[in-house]
Every structure is written in C-alpha cells, then in structure tokens.
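1. my questions concern the predicted model and sequence given below.
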Amino acid sequence: MKKNKILLLSALVLSAGAFTACDDDDTFDVVETVPGYTVSAPGVDETASSYVTLTATFNGRSGARYTKAGFCYTIGAVPTIYDNAVEGTVNGNEVTATITGLTVNNEYTFRAFVVEYAGGVIYSDPIKVVTGNGASAEELAHYEAPAFTDYYVDLAGWDQRDRWNLANVHDPTVMLADDGYYYMYQTDASYGNAHAGHGHFHGRRSKDLVNWEYLGASMKEIPAWVTEKCNEFRAAQGLPEINVTDDRCGYWAPVVRNLGNGTYRMYYSLVPAFPMQEGEQGGKTAWAERALIGMMETTDPASNNWEDKGYVICSSTDRGNNWFCANDWAKAYFRFNAIDPSYVVTPEGQHWLVYGSWHSGIAAIEVDAATGKPLAQLGNPWGDSAADIADYGKLIYTRGANNRWQASEGPEIIYRDGYYYLFLAYDGLDVPYNTRVVRSTSITGPYVGIDGTDVTNIGGDAFPIVTHPYKFQGDQGWVGIAHCAVFDDGKGNWYYASQGRMPANSFGNEFSNAIMLGHVRSILWTPDGWPVVLPERYGAVPQVVITPEELQGTWEHIDLGYSYAKQDESVSMTLGEGKVLDGKWKDAEWSFDPTTSILTIGTQQLMVARECDWEAKPRTHTIVYAGIDGKTTYWGKLVK
C-alpha cells in the first residue's frame with residue numbers, strides 16, 4: 001500500500017482521505033452530483049525517485065455530481081481504481097495529488113479518474129512516467145558517515161550543550177515544520193541531570209535528521225495553573241493544599257504536531273511529587289498525586305517561544321477516595337494515568353488526544369480542533385465506577401484487563417493508508433524497554449495485533465515487536481529503546497525516533513545505562529502494511545538501487561524475539577548465489593526484487609535498504625534488512 005500525500009491548494013480546497021487497492025464492495029460518500037464528465041490526461045508537476053505530483057482537469061455537464069476524483073496507477077498495464085488509487089485534492093475543476101512510495105527508476109502508467117454519483121468511473125487517457133534514478137553510485141562512493149560520538153560522557157555537561165547533537169535525549173517527539181526543519185522535544189532527562197535548573201521540555205532542530213542544533217527549554221518554569229488545579233481538586237476531596245514548585249514536579253513525554261495552519265501544538269505531562277495524603281492507613285501508604293496534561297502553542301518554532309494554554313486533563317479514578325493502596329500495584333488508584341500524550345487528526349478532521357501509562361491502559365479522547373481542549377465537559381476526575389469518569393476517555397488498549405500495573409506506556413498514534421497505528425512502549429525504561437505496534441481502522445478501536453489479538457476489548461500482548469534490546473558483534477549494543485515518535489517527511493518516507501541507552505558498565509562506566517542517546521531510524525512498510533524499523537540508525541546514506549549481487553556475503557542476523565531485559569544478539573549468516581550457505585535459513589533459496597527492495601528467503605520476505613554501519617570502524621555504509629514473522633521480527637546487516 002502507498003502512503004498518499006494530499007497537497008493543500010487553498011483554503012477552499014475540498015479534500016478527503018486516501019485509498020488504495022479498492023474492492024468491488026467499496027462504497028463512496030457523496031461530495032457533489034452530475035451525470036457525465038470529461039477528464040484530461042494528467043500533467044506532471046514534479047517527478048522524483050520515489051514520488052510523482054500530478055494535476056488533471058475534469059468538466060461535467062450541468063447538474064452533474066461526483067463522489068471522488070484522483071489518480072490510479074500500475075506498472076505496465078493500463079490502471080483502474082481497483083489497482084492502486086489515490087484520491088486527490090480538488091480545487092475548482094482541477095484535481096492534484098502526490099503519489100508516494102514509488103520505486104526508483106521505474107516506469108508507471110497513470111490515469112486520472114472521476115467517480116460519478118450513482119454512476120460509473122470515468123478515466124482519462126493514460127500517461128507514462130519514469131521515476132528518477134535516486135542517488136548515484138558516485139554519491140555512495142563518497143559517503144561520509146556521521147562522526148558524533150555515542151559515548152558522550154565528556155560532552156554531557158550543560159556548558160557543552162551546543163555540541164550535544166543527539167546526546168541527552170529521552171522520550172522524543174518530532175515534527176516537520178513549514179520552515180523545513182524537524183523539531184524535537186523531550187522529557188526532562190539527561191546524563192548527570194545536566195538540564196536541571198534550565199527550564200523544561202528542551203528542544204532541538206535538524207534539516208537532515210543527522211545533525212541537530214540545540215534550542216533550549218520551551219517552558220521556562222512551571223505554570224501557575226498547576227498548583228491551582230491540584231488544589232481545586234484536593235479541596236473538593238477534603239485534602240490539604242500543596243504548593244507544586246518548579247523542583248517538586250516531573251516534566252515528562254511531550255507530543256508536538258504541526259496543525260498545517262501555521263500553528264504548532266504541544267501537549268506535555270506534569271507529575272507533582274506529592275502523595276494524595278500523608279501517613280498510612282491499614283498499613284498502606286497513599287498513591288501519588290494525580291498527573292496532569294497541559295498544552296502550549298507557537299506560530300514560530302524557530303523562536304522557541306511557546307504560549308502556555310493551560311490545563312487539558314488529569315489522571316482519573318473509579319475508586320473514589322480510596323487512595324491508600326500504594327503497596328498493591330495491581331490495584332492502582334487511578335484508572336487512566338494522565339501522562340504520555342499523543343495526538344492525531346483523522347481524515348475527517350477530528351482531533352484526538354491519546355494518553356496513558358501502566359494502570360488500566362491507554363485512553364483516547366476527542367478534543368476541539370481550535371482550542372485543543374476536550375470536547376466533552378469534564379466532571380470530577382474521581383467516581384465510584386468507570387461510568388462516573390467516562391468523559392476522561394475511552395479505553396483503546398490494555399495489556400491485561402484485570403491488572404493496573406501492566407508495563408505498557410508511551411503511546412504514539414499515527415494514521416496511514418486507512419489504518420491508525422498505535423505504537424507502545426513495554427516494560428521498564430532502563431534496559432527492557434521495547435516497542436510494539438497494533439492497528440485499527442477506527443481511532444477508538446478495536447486495535448488488533450499481527451497475531452489477531454484484540455487488545456482493546458480483550459487485552460493482551462501487542463505484536464509485532466518493533467524494537468528490542470540488541471547487540472551486533474563487536475559492540476556493546478543498545479537497550480531501553482522505546483517510547484517513540486513516529487513521523488514522516490511528507491514524501492512517503494517514515495521515521496522512528498526514541499532514546500537508546502547503553503548497557504551498564506559499557507566502557508568501564510558503571511553509570512553508562514544513564515547515557516541516553518537519540519536514535520532516529522527509517523521505517524519501511526511490509527506489503528501487508530505493517531511497519532518495520534531498520535536495525536541501524538539513520539545516517540543519510542544515498543539510496544542507490546541495490547542489486548542481487550551486492551547481497552551475497554556474510555550477514556549478521558538477529559531474531560528480535562521478546563526476552564525480558566536481555567539483548568538479542570546477532571549470529572552469522574552467509575548468502576551465496578541464490579542460496580543460504582549457513583546460519584539462519586540454511587539451504588533455503590533466496591531472491592531479490594530491486595523494484596520493491598524485497599529480499600525473499602524461502603517464504604520469508606525482508607525489506608531491504610542502505611544504511612550506515614554504526615558499529616564499523618570506521619563507520620561506513622552497508623545494506624540492512626527488517627522483516628516480520630508473527631511474534632518475531634528479523635533484523636540483519638551485511639558485513640563489509
């Protein structure tokens with residue numbers, strides 16, 4: 001399936017979601033009516049190695065109505081909407097779309113189409129377009145790998161912040177702004193707490209996802225509304241006031257989005273460091289004070305000046321005032337824990353906030369597009385049943401329906417090609433952290449894993465595995481790789497960003513697990529629409545077309561299966577001419593399709609790309625693969 005980017009032409013544009021590979025049972029919503037249209041052959045506005053931008057005109061007789069207009073395409077044959085189809089953006093009698101996810105140096109046939117209301121599909125004459133060659137062999141030969149150090153202890157201090165690049169990153173969120181920069185923000189965390197006393201939700205930016213410029217704190221000090229809101233709730237529950245000062249609060253896991261209208265919105269988590277009530281009751285201490293999510297906006301992320309918009313939502317409980325339960329983790333006081341926000345706009349224009357950590361699972365709540373605040377009028381965040389706090393969100397994911405200490409958090413929600421993808425961080429953040437993903441055709445679920453598990457209504461472990469602690473040969477490897485941001489460049493290329501931690505005692509440093517380096521990785525999509533993250537970090541390697549001959553040689557292969565708090569380690573595998581000589585899949589035949597960049601070993605499909613070999617000395621470019629087989633993900637890299 002192809003990711004369809006719709007170009008916005010004006011404020012009067014009529015737009016709708018993308019669709020591909022239509023079925024005979026598909027129905028179309030009415031946009032406007034009239035029998036009989038003529039459609040011009042597409043004009044090519046822009047061609048690149050992986051995308052094409054097309055425009056066509058269509059004219060209808062008086063009174064005509066249509067439901068959709070766009071472009072369909074294939075390789076070779078004359079296309080119909082039952083092949084690959086992209087709905088376009090309509091402005092007057094013009095339709096425009098950018099078709100992405102195309103392969104390098106390939107000839108595609110395109111036709112424009114209009115679907116008549118209560119009628120048939122009208123097509124234009126076909127045109128042929130050859131995509132670009134992409135990067136050249138000469139560019140690859142002169143590739144220079146990123147030079148920044150992974151073991152950044154000597155650069156960790158505040159006085160070295162201009163040299164941090166991706167040092168001291170935790171729980172990143174990333175957006176592409178209109179000025180062409182990617183902006184990254186994060187939890188307040190750093191090696192040696194270098195950030196302490198210097199504001200919150202620190203930012204950085206990059207044009208190439210490799211070299212990052214430090215910007216500073218996006219929030220200078222804790223907002224006054226935090227203490228006010230906490231005490232409003234505490235007074236209603238008969239509790240004494242607290243004073244949430246700048247140093248008595250955690251600043252965790254923001255999410256940032258470009259709204260596409262000149263406004264940029266960031267939700268953030270605040271965690272006051274107080275118990276609900278001092279002392280003990282029945283030998284148990286009280287649960288911690290409720291967490292809160294706030295929001296701020298800017299029209300100029302380069303300035304790093306953000307206007308705080310105040311309170312959005314807080315942790316909610318269905319256990320009344322029974323907060324003396326801190327010794328019983330499975331019966332946590334709060335149903336939904338108001339941290340780790342994520343944010344998505346549906347193709348229909350609805351805005352949804354998704355949040356949650358551990359406790360009962362992940363919740364989704366619709367918010368107002370203009371204000372960013374919940375559409376529902378929120379009552380008290382406590383009650384005696386789930387129904388009493390229903391306005392605080394709908395449960396969309398739970399790892400265990402009867403357990404409120406279920407080791408899943410950090411939701412990241414995106415929409416692509418008809419599916420909402422919900423990425424999740426599993427287990428503790430120091431070593432075992434690993435990433436999972438499930439998907440749904442509806443924002444509120446049910447979300448289902450690749451193994452068919454309904455994790456909304458029934459609950460259970462999410463599969464496939466996206467990242468996991470791992471280790472290539474001759475290197476310390478990485479652990480704690482989760483709590484991700486997922487974002488795209490608007491041209492069909494998707495990326496994953498998270499922190500990676502070093503294992504304890506790396507480089508003889510007993511505190512090396514506190515090294516938190518920002519990892520950016522490319523995402524590829526399997527033919528059936530599941531994301532796989534590449535095993536090597538993004539290094540801006542020129543994507544020269546890969547030939548089957550290049551794949552022959554020695555590989556390091558990793559079975560990225562679940563193993564709590566243990567690194568999955570690589571083993572050697574050799575690809576001979578058309579056959580696996582040793583290691584994983586020994587004696588299996590293999591083939592490679594350069595037009596799709598899919599390596600097939602036996603029956604296993606693996607997505608292939610060029611990437612930086614970060615373990616090589618010196619660093620250089622190599623070829624990597626990633627694939628999925630049920631509950632196991634496969635990673636591999638070619639050894640040079």
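-> On my side now, so go ahead.
2. C-alpha only now, for contacts and for neighbours.
-> OK.
3. tell me where the stretch 101-250 of the chain has strands.
-> 107-116, 121-123, 127-130, 173-176, 182-185, 200-206, 213-219, 249-258 (DSSP state E, counting those that start in this stretch).
4. can you redo those strands as JSON lines with distance to Asp528 and mean neighbour count?
-> Compiled in JSON lines, the strands of the stretch 101-250 of the chain are given as follows (distance: least, Cα to Cα, whole Å; neighbours: other Cα atoms under 10 Å):
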{"stretch": "strand 107-116", "distance to Asp528": "21", "mean neighbour count": "25"}
{"stretch": "strand 121-123", "distance to Asp528": "27", "mean neighbour count": "20"}
{"stretch": "strand 127-130", "distance to Asp528": "25", "mean neighbour count": "16"}
{"stretch": "strand 173-176", "distance to Asp528": "26", "mean neighbour count": "24"}
{"stretch": "strand 182-185", "distance to Asp528": "29", "mean neighbour count": "26"}
{"stretch": "strand 200-206", "distance to Asp528": "32", "mean neighbour count": "24"}
{"stretch": "strand 213-219", "distance to Asp528": "37", "mean neighbour count": "20"}
{"stretch": "strand 249-258", "distance to Asp528": "27", "mean neighbour count": "22"}
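5. quick one: which of those strands is nearest Tyr152?
-> Of all the strands of the stretch 101-250 of the chain, it is strand 213-219 that lies closest to Tyr152, at 15.2 Å by Cα to Cα.
6. what is the closest one packed up against?
-> strand 200-206 (3 or more Cα pairs under 8 Å, 6 or more residues apart in numbering; DSSP states H and E).
7. looking at the strands of the stretch 101-250 of the chain, which is nearest to Lys566?
-> Using Cα to Cα, the strands of the stretch 101-250 of the chain put strand 249-258 closest to Lys566, at 24.9 Å.
8. quick one: strands adjacent to that closest one?
-> Next to strand 249-258 in the sheet, as set by DSSP bridges, lie strand 264-272 (antiparallel).
9. can you list contacts of the strand it pairs with?
-> Residues outside strand 264-272 that contact it (Cα atoms under 8 Å, 6 or more residues apart in numbering): 244, 248-259, 289-301, 338-342.
10. Gly539 touches Tyr143, doesn't it?
-> No: Gly539 is beyond contact range of Tyr143, at 9.9 Å (criterion: Cα atoms under 8 Å).
11. who has more neighbours out of the two?
-> Neighbour tally, Gly539 and Tyr143, criterion other Cα atoms under 10 Å: the higher count belongs to Gly539, 24 against 16.
12. identify the residues contacting that one.
-> Ala145, Pro146, Val210, Glu611, Cys612.
13. can you list those in JSON lines and add distance to Gly192?
-> As requested, those are exported to JSON lines (distance: Cα to Cα, whole Å):
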{"residue": "Ala145", "distance to Gly192": "28"}
{"residue": "Pro146", "distance to Gly192": "25"}
{"residue": "Val210", "distance to Gly192": "24"}
{"residue": "Glu611", "distance to Gly192": "32"}
{"residue": "Cys612", "distance to Gly192": "29"}
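14. quickly check those for the two that are furthest apart.
-> Val210 and Glu611 (12.5 Å).
15. where do the contact lists of those two overlap?
-> Tyr538, Gly539, Ala540.
16. can you tell me the centre-most residue of this protein?
-> Geometric centre of the chain, nearest residue: Val486, 1.9 Å, by Cα atoms, centre = their mean.
17. so it is in contact with Tyr495, correct?
-> Yes: here Val486 reaches Tyr495: they are 5.7 Å apart, a contact under Cα under 8 Å.
18. for the closest residue to Ala565 other than its chain neighbours, what are its contacts?
-> Among residues not flanking Ala565 along the chain, Pro432 sits closest, at 3.9 Å (Cα to Cα, 6 or more residues apart in numbering). Neighbour list for Pro432: Tyr426, His468, Pro469, Val479, Gly480, Tyr564, Ala565, Lys566 [criterion: Cα under 8 Å, 6+ apart].
19. partner residues bridging the first one?
-> When bridges are taken as DSSP bridges, the partners of Tyr426 come out as Ser408, Asn434.
20. next, count neighbours for it.
-> So Tyr426, with other Cα under 10 Å, has 28 neighbours.
21. residues contacting it?
-> Contacts of Tyr426 by Cα under 8 Å, 6+ apart are Ala407, Ser408, Glu409, Pro432, Tyr433, Asn434, Thr435, Arg436, Ala482.
22. same thing but 6 Å
-> Residues counted as contacts of Tyr426 (Cα atoms under 6 Å, 6 or more residues apart in numbering) are Ala407, Ser408, Tyr433, Asn434.
23. contact partners for the third one?
-> The reference is to Tyr433. Applying Cα under 6 Å, 6+ apart, the residues contacting Tyr433 are Tyr426, Asp427, Gly480, Ile481, Ala482.
24. for it, report the pLDDT, please.
-> Per-residue pLDDT puts Tyr433 at 98.
25. go on, the second one?
-> With respect to pLDDT, Ser408 scores 98.
26. distance check, it against Val437.
-> From Ser408 across to Val437, the span is 12 Å (Cα to Cα, to the nearest Å).
27. neighbour-wise, which of these two wins?
-> Set side by side, Ser408 and Val437 show more neighbours around Ser408, with 29 against 26, by other Cα under 10 Å.
28. do I have it right that the more buried one meets Trp358?
-> Yes: the criterion here is Cα atoms under 6 Å, and Ser408 meets it with Trp358 at 5.1 Å.
29. buried ones in stretch 157-166?
-> Across stretch 157-166, burial judged by 16 or more other Cα atoms under 10 Å covers Gly157, Trp158, Arg161, Arg163, Trp164, Asn165, Leu166.
30. Serialize the residues you listed to TSV and add fields for distance to Gly36 and pLDDT.
-> Converted to TSV, the buried residues of stretch 157-166 look like this (distance: Cα to Cα, whole Å; pLDDT from 0 to 100):
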residue	distance to Gly36	pLDDT
Gly157	69	98
Trp158	67	98
Arg161	63	98
Arg163	63	98
Trp164	61	98
Asn165	58	98
Leu166	57	98
